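Colleague: Give me a 3D structure for the following:
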Amino acid sequence: MLHLRRPSAVVLARLVAAQSGLGLTYPEVGATATAMPARYWHGRWRADLGEYSDARLHRASAALRGWAAQLGAGMTVVPDEPVRPDLTFALALPLPLGWATAAGRVVYVTDEPERFGFAYGTLPAHPERGEEAFHVARDGARLVFTVQAFSRPQHPLARLGAPVARLIQLRTNQAYLTAMRAAVGC
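Modeller: Numbers count the residues shown, from 1 in each chain. You can find the predicted model right below:
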């Protein structure tokens, strides 16, 4: 889970293979689309992506489908495939010292005329337990990007360093917002 150097695509592909047959680490699958469950830390972040247009929504949707938020936050995503339901993937996340790896699975995709997004849930090789959703949607005359999450530490190091883990999560979510603004040209 922790590495001094950025893990290679081969290391991440092995992680994906090892996690592919495993179940999610929390029972509230899909709760980012409904009511957020109790006993978790909840977070919601939002960025204005400019005036709504079908073209801007299309650019933002394509960026999100291609993991632009995660890549723009400095992560590596394996496999290099667009978001789709049930895709098992691995992330390499930069830390202040070294890298962390995490495995997840896309639990739902939202594809509506004025809204696109997805959520992923955590697998056993993820330091947290929970779900994170990423959506772009029309909000009146504006296009907005939202990240909504519920989580709690799963790995012993994440539990011991919960305040640091929370700061890393907050920093990462701010990087997602910045990445999506850049992806649509804001």
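Colleague: If you average the pLDDT over stretch 108-118, what comes out?
Modeller: Across stretch 108-118, pLDDT averages out at 97.
Colleague: gap between the longest helix along the chain and the chain center?
Modeller: For the chain, the longest helix by residue count, based on DSSP state H, is helix 162-184. Chain-centre distance of helix 162-184: 10 Å, with CA atoms, centre = their mean, to the nearest Å.
Colleague: before we move on, what about stretch 96-110?
Modeller: For stretch 96-110 - counting by CA atoms, centre = their mean - the centre lies 6 Å from the chain centre.
Colleague: do the same with stretch 62-75
Modeller: Here stretch 62-75 is found 9 Å from its chain centre; the criterion is CA atoms, centre = their mean.
Colleague: The residue sitting furthest away from the middle of the chain and Gly50: what is the separation?
Modeller: Within the chain, Ala141 marks the point farthest from the mean C-alpha position, 26.0 Å out by CA atoms, centre = their mean. Computed with CB to CB, to the nearest Å, the distance linking Ala141 and Gly50 is 10 Å. (Each C-beta comes from the backbone N, C-alpha and C, glycine too.)
Colleague: Run through the bridge partners of Asp48.
Modeller: Val144 (DSSP bridges).
Colleague: Could you pull out the strands in the chain for me?
Modeller: For the chain, the strands defined by DSSP state E cover 2-3, 41-51, 76-78, 88-94, 99-112, 115-122, 128-139, 142-153.
Colleague: pretty sure Gln154 is in contact with Leu123, am I right?
Modeller: No - applying CB atoms under 8 Å, one finds Gln154 not in contact with Leu123, separated by 10.0 Å.
Colleague: circling back: need the contact list for the residue farthest from the centre of the chain.
Modeller: Listed by CB atoms under 8 Å, 6 or more residues apart in numbering, the contact partners of Ala141 are Glu51, Tyr52.
Colleague: let's see it at 10 Å
Modeller: Applying CB atoms under 10 Å, 6 or more residues apart in numbering, we find Ala141 in contact with Gly50, Glu51, Tyr52, Ser53.
Colleague: related to what we said a few turns ago, want to throw the strands of the chain into a markdown table with mean neighbour count and distance to Ala9?
Modeller: What follows is the strands of the chain, written out as a markdown table (neighbours: other CB atoms under 10 Å; distance: least, CB to CB, whole Å):
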| stretch | mean neighbour count | distance to Ala9 |
| --- | --- | --- |
| strand 2-3 | 14 | 13 |
| strand 41-51 | 15 | 28 |
| strand 76-78 | 20 | 5 |
| strand 88-94 | 21 | 9 |
| strand 99-112 | 19 | 12 |
| strand 115-122 | 22 | 19 |
| strand 128-139 | 22 | 22 |
| strand 142-153 | 20 | 25 |
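Colleague: To Cys186, which of the ones you listed lies closest?
Modeller: Closest of the strands of the chain to Cys186 is strand 41-51, at 5.2 Å (criterion: CB to CB).
Colleague: Mind giving me the packing neighbours of that closest one?
Modeller: helix 54-65, strand 128-139, strand 142-153, helix 162-184 (3 or more CB pairs under 10 Å, 6 or more residues apart in numbering; DSSP states H and E).
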